[in-house]
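*Asks:* Let's see this in three dimensions:
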Amino acid sequence: MPQPGALFQSHPEKVMNLLGEIESGRLAVPDFQRSFIWPARNTARLLGSIMARYPAGAILTWRPGQHALGHRAVEGAPTVEQIGLPERLILDGQQRLTSLYRALHASGESRFTVALENFIDRDTFAARDVEAIDWETAVVAHEPNAKQRRAKANGELPLYETEDWQIENWQFPIDHLAEPSGFDKWMAKLVKALPAGMDKELCQERMWQVRDSYLVQLQQYEFPVITLLPTAGLSAVCRIFETLNTNAVKLGAFAILTARFYPDGIDLRARWKEAKKKHALLRDPGEDKDVYGYAVDPYTVLQIISARRHGSPQQKVVTSDLTADDVKADWEAAVDALAAVINHLRGDCGVIHRDLLPYSMLLVPLTVGWLEREGLAGPEKAAALRKLERYFWASSFTTNFDQGGASQAEKDCRELAGWIRSESRDGEPVMPEAVGKLTISAQTLLTATVRKKALLRATMALGASAGSKDFHTGERLQASTYVQRKYDSHHLVPKKCLSGSGPTIDPGGHSSELILNRALIDSSTNRRIGAKKPSTYVAEIFDEDVDAGAILASHLIDVDALRADDFDVFIRSRLSLLIDAIESATEKTVTPLPADAAVSGVDADSDADDDGL
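*Replies:* Sure, this is the predicted structure:
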């Protein structure tokens, strides 16, 4: 087997050399990087740290080689027209390098000065000991206010940019370091302006000491630079970036492919923005301020296209094999199908909110299957929809996406598409293993706690698909009420009824966190239930002239078993109802309980989430 080649080099590089590469356009920023956002105070702290020779973090760059990526100049640097790509792209360190470039080249609005009084006593010219230097105030950031901006637009400099003010206040402008002998020329004017009788030669000597000990660092300081070589492909770059990035900012494949396809006239960010405008379900509650959105990762669309074009949604395939032509041909269809899948899950499978989706990775094979279904007609199309639903429920309750989601999706995309097309292999129908081979165990359902998040979500969604109703109003649970009334999976038998100093309905000490002890309940109803025994709060529901039996049945609950105040009886009764619903949804037979099966005897309260999906 051939040995893999080196993927990176690591060596120190001087600030002046890095900034020179930025000036010439040889070092640039890939389009997937965010814009420069540092406030001026951060730049001042960085400048002070560099003058003090403190560690200021490593820089991560990449020589992209033949990988065509969209890029731009460092903010404030000139845009240099060049043939081909820059020699290197900045993956981590953009904010620091941009700050240094802007400060030393006086680009942008802010200006930075070194407060020389931090280094030299103005009266005696005594040099301050390094331990006495206040590095927090060594560099001063000057930001114009609105009045100063207007004046500068008319040619009037702010006071802090005038040479007279700088010399009078011993504030050396850092951008003078970009000019050869810039400090010496400025210092000569300062020394000349000293009052008669002062030791000008001593002042000059001390100024040179400041220059050689501290200011020179703003050009000679060496950053540790890790440079990824062209042998590092896009997938490897993503992984390395996530491992080494000092700000823990994830470099997703969508971001890097956005840069890769930009030269081909494909703006993935703009396309995703349009997709969310067209399909509200794709929006993100935080980013797009839409509480009903499913917060879909745009990378999902690329995985869908890759699965159809190249047989796999795994990152190494998406980043290496997916082409601009693939995206141009399939983007719209993939987006529309993805939205249709989510809409169907919400309307017909009880996934009324993103919290109830067992696995986000399921969206990839489901959408691939949906696109296969588009080519069918009549009864075949209806049968294909039923297959998609069976696959969704079977995958959720066999929990086969718990390990290796992308690799499972790759296999399922292929087999689900074959099932939709009614293909056979060796005389047997092709179908996903969750539908055909894997089992659903009653024992697992009986003992599973809320730590099994996917199983919890699937159980709650299955109840919602059966028409779960509000415990006190009797209204069917919908996306709007789920959000507005703050629904979540809450206890049916409260914790205090199962443990505590007083009498309990479960002397065996079983866990209150069993999934079978959960239902979708709004926050106000949960507070009303409090620590009451089921018989008590069920009676209250009946007293409100509401059909408690019908309401509880909509949550796959037997009202008589619940109000019997016997935890074991209630859990086994609910298990039976859940099994019936699962077998109906999946058309699979759930493996029955062993004769001696018992409800979990270990209290998982200390390890499990108290509430929530």
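
*Asks:* Farthest from the middle of the chain: give me that residue.
*Replies:* Distance from the centre of the chain peaks at G197, with 64.5 Å (CA atoms, centre = their mean).

*Asks:* E415 and L388: what is the separation?
*Replies:* Separation of E415 from L388 (CB to CB, to the nearest Å): 13 Å. Placement of C-beta: from N, CA and C, glycine included.

*Asks:* which stretches of the chain aren't confidently modelled?
*Replies:* Along the chain, the model assigns pLDDT under 70 to residues 1-5, 67-68, 81-84, 238-239, 241-252, 499-509, 545, 597-612.

*Asks:* show me where it has strands.
*Replies:* Applying DSSP state E to the chain gives strands spanning 8-14, 27-30, 59-62, 71-72, 88-92, 111-115, 139-142, 171-173, 222-228, 424-425, 428-429, 487-491, 518-522.

*Asks:* what helices or strands is the first one leaning on?
*Replies:* Yep, that's strand 8-14 we're talking about. Strand 8-14 sits against strand 222-228, with contacts defined as 3 or more CB pairs under 8 Å, 6 or more residues apart in numbering; DSSP states H and E.

*Asks:* Now do the buried residues in the strand it packs on.
*Replies:* Within strand 222-228, the residues that count as buried by 16 or more other CB atoms under 10 Å are F223, V225, I226, T227, L228.

*Asks:* That one pairs with which strands, and in what direction?
*Replies:* strand 8-14 (antiparallel), strand 59-62 (parallel) (DSSP bridges).

*Asks:* what's the offset of that strand from the middle of its chain?
*Replies:* 26 Å (CA atoms, centre = their mean, to the nearest Å).

*Asks:* tell me the contacts of the nearest residue to G25 once chain neighbours are set aside?
*Replies:* The shortest distance from G25 to any non-neighbouring residue, by CB to CB, 6 or more residues apart in numbering, is to V80 (2.9 Å). By CB atoms under 8 Å, 6 or more residues apart in numbering, the contact set of V80 is S24, G25, A73.

*Asks:* Next, the residue farthest from the centre of the chain: phi, psi?
*Replies:* With angles defined as degrees, to the nearest 10, G197 sits at phi 90, psi -10.

*Asks:* Now do the same contact list for the closest residue to E410 other than its chain neighbours.
*Replies:* Once flanking residues are discounted, E410 sits nearest to S312: 4.6 Å by CB to CB, 6+ apart. By CB under 8 Å, 6+ apart, the residues touching S312 are S306, V318, E410, C413.

*Asks:* right, and the pair among the residues you listed with maximum separation?
*Replies:* The span of the contacts of S312, defined through CB to CB, is set by V318 and C413 at 12.6 Å.

*Asks:* Pick out whichever of those two has more residues nearby.
*Replies:* Each of V318 and C413 has its neighbours counted (other CB atoms under 10 Å); C413 has more, 26 against 23.

*Asks:* so the more buried one touches L362, yeah?
*Replies:* No: C413 is beyond contact range of L362, at 11.0 Å (criterion: CB atoms under 8 Å).

*Asks:* Tell me how far Q484 lies from E544.
*Replies:* For Q484, the distance to E544 - CB to CB - is 21 Å.

*Asks:* next one: P144
*Replies:* As judged by CB to CB, P144 and E544 stand 65 Å apart.

*Asks:* Of the two, which one has the most company?
*Replies:* Between P144 and E544, counting by other CB under 10 Å, P144 is the more crowded of the two (17 against 11).

*Asks:* Which stretches in the stretch 451-600 of the chain count as helices?
*Replies:* For the stretch 451-600 of the chain, the helices defined by DSSP state H, counting those that start in this stretch cover 453-465, 479-484, 523-529, 534-543, 548-553, 559-562, 567-586.

*Asks:* ugh, typo on my part, it should be the stretch 51-200 of the chain
*Replies:* Using DSSP H, counting those that start in this stretch, the helices found in the stretch 51-200 of the chain span residues 94-105, 146-153, 163-168, 182-192, 200-210.

*Asks:* Need those helices in a markdown table (columns: distance to H11 and mean neighbour count).
*Replies:* Listed next are those as a markdown table, based on distance: least, CB to CB, whole Å; neighbours: other CB atoms under 10 Å:
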| stretch | distance to H11 | mean neighbour count |
| --- | --- | --- |
| helix 94-105 | 16 | 23 |
| helix 146-153 | 41 | 12 |
| helix 163-168 | 37 | 14 |
| helix 182-192 | 28 | 15 |
| helix 200-210 | 29 | 16 |
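
*Asks:* could you dump those helices to a markdown table with distance to G20?
*Replies:* Formatted as a markdown table, the helices of the stretch 51-200 of the chain follow (distance: least, CB to CB, whole Å):
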| stretch | distance to G20 |
| --- | --- |
| helix 94-105 | 10 |
| helix 146-153 | 28 |
| helix 163-168 | 26 |
| helix 182-192 | 16 |
| helix 200-210 | 24 |
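
*Asks:* so which of those gets nearest T536?
*Replies:* In terms of CB to CB, the element of the helices of the stretch 51-200 of the chain nearest to T536 is helix 94-105, at 59.0 Å.

*Asks:* helices or strands up against the closest one?
*Replies:* Applying 3+ CB pairs under 8 Å, 6+ apart, we find helix 94-105 packed against helix 15-24, helix 40-51, helix 217-220.

*Asks:* Could I get the buried residue list for the longest one?
*Replies:* Judged by neighbour count (16+ other CB under 10 Å), helix 40-51 contains these buried residues: A40, T43, A44, R45, L46, L47, G48, S49, I50, M51.

*Asks:* Between the residues you listed, which sits nearest I521?
*Replies:* R45 (49.8 Å).

*Asks:* Give the closest residue to that closest one in space, chain neighbours not counted.
*Replies:* Residue nearest to R45 in three dimensions, not counting chain neighbours: E136, with 7.2 Å by CB to CB, 6+ apart.

*Asks:* With T61 as the reference, measure out to the closest residue to R518 other than its chain neighbours.
*Replies:* Closest residue to R518 apart from its sequence neighbours, by CB to CB, 6+ apart: S489 at 4.2 Å. Plainly put, S489 is 47 Å away from T61 if you go by CB to CB.

*Asks:* again, but for D290
*Replies:* In this view, D290 and T61 are 37 Å apart by CB to CB.

*Asks:* Just give me the neighbour total for N17.
*Replies:* A count of neighbours around N17, defined by other CB under 10 Å, yields 15.

*Asks:* And K276, by the same measure?
*Replies:* For K276, the neighbour count with other CB under 10 Å is 20.

*Asks:* so what's it up against?
*Replies:* Neighbouring residues of K276 by CB under 8 Å, 6+ apart: L282, R283, D284, D288, G293.

*Asks:* at 7 Å what do you get?
*Replies:* L282, R283, D288 (CB atoms under 7 Å, 6 or more residues apart in numbering).

*Asks:* Just the buried ones out of the residues you listed, please.
*Replies:* Among the contacts of K276, those buried by neighbour count (16+ other CB under 10 Å) are L282, R283.

*Asks:* Which member of the contacts of K276 is positioned nearest S584?
*Replies:* Nearest to S584 among the contacts of K276: L282, at 30.3 Å, using CB to CB.
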